[in-house]
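1. okay, predicted coordinates and the sequence, questions at the end:
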Amino acid sequence: MNGLIQKCAVVITIVAAGIAGWLAYQSTQYDFQTLDGETYSWNKLHGEWTVINYFAPWCAPCLREMPELNTLSRTLPAHTRLFAINYDRQSREQIDEMVRKFSIDVPVIVAEDTTRLPMQKPPYLPATFIIGPDGDVVDTIMGEVTAEGIKHRLAQLKSGAS
């Protein structure tokens, strides 16, 4: 009987270690990371609306809309997230410098080889994508946006109006 108990204890220990290892691995997986070091996975954003704005410092309309995006980031509707991502891949140091230079308050995604977004890089700027609670892109806005315009569009999408 003692042999059976010991074998069960070994099996339980192995299973527990396997589960612990899998959980540890899962906790290190993410789809994208922001400049401040926060990591996000689309699984954990499930149920929330997400707005992603592509911009670049050489894009005059992008810089004109950034104060609007800053305002939106402070007044987001419930269950809504906002991120910006630089069109051109740059180092963290370059992005940090740009964020300070242009007073960007929106969380900025750092584009890396491992970054996974539900859309392709847009053909031109500015470009704003609205991702629904299921993780699919539900709207693409090419051109300048305003805080009120995005809020209005989110309200339409949330109510089911097109």
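-> Here it is on my side, so go on.
2. where do the strands sit along the protein?
-> Under the criterion DSSP state E, strands of the chain are mapped to 32-33, 39-40, 49-55, 80-86, 108-109, 127-131, 137-142.
3. okay if I get the ones you listed as CSV plus distance to residue 95 and mean pLDDT?
-> From N, CA and C alone the C-beta is placed, and that goes for glycine too. What follows is the strands of the chain, written out as CSV (distance: least, C-beta to C-beta, whole Å; pLDDT from 0 to 100):
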stretch, distance to residue 95, mean pLDDT
strand 32-33, 11, 97
strand 39-40, 16, 96
strand 49-55, 11, 98
strand 80-86, 6, 97
strand 108-109, 6, 98
strand 127-131, 18, 98
strand 137-142, 23, 97
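4. is it possible to get TSV of those that adds distance to residue 157?
-> Formatted as TSV, the strands of the chain follow (distance: least, C-beta to C-beta, whole Å):
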stretch	distance to residue 157
strand 32-33	22
strand 39-40	21
strand 49-55	8
strand 80-86	11
strand 108-109	21
strand 127-131	6
strand 137-142	6
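5. mind checking which of the ones you listed is nearest residue 158?
-> Residue 158 lies closest to strand 49-55 among the strands of the chain, at 7.2 Å (C-beta to C-beta).
6. tell me the domain ranges of this protein?
-> When the chain is parsed with automatic domain parsing, its domains come out as 1-30, 32-159.
7. in the protein, which spans are helices?
-> Counting by DSSP state H, the chain has these helices, from start to end: 2-27, 60-74, 92-101, 147-159.
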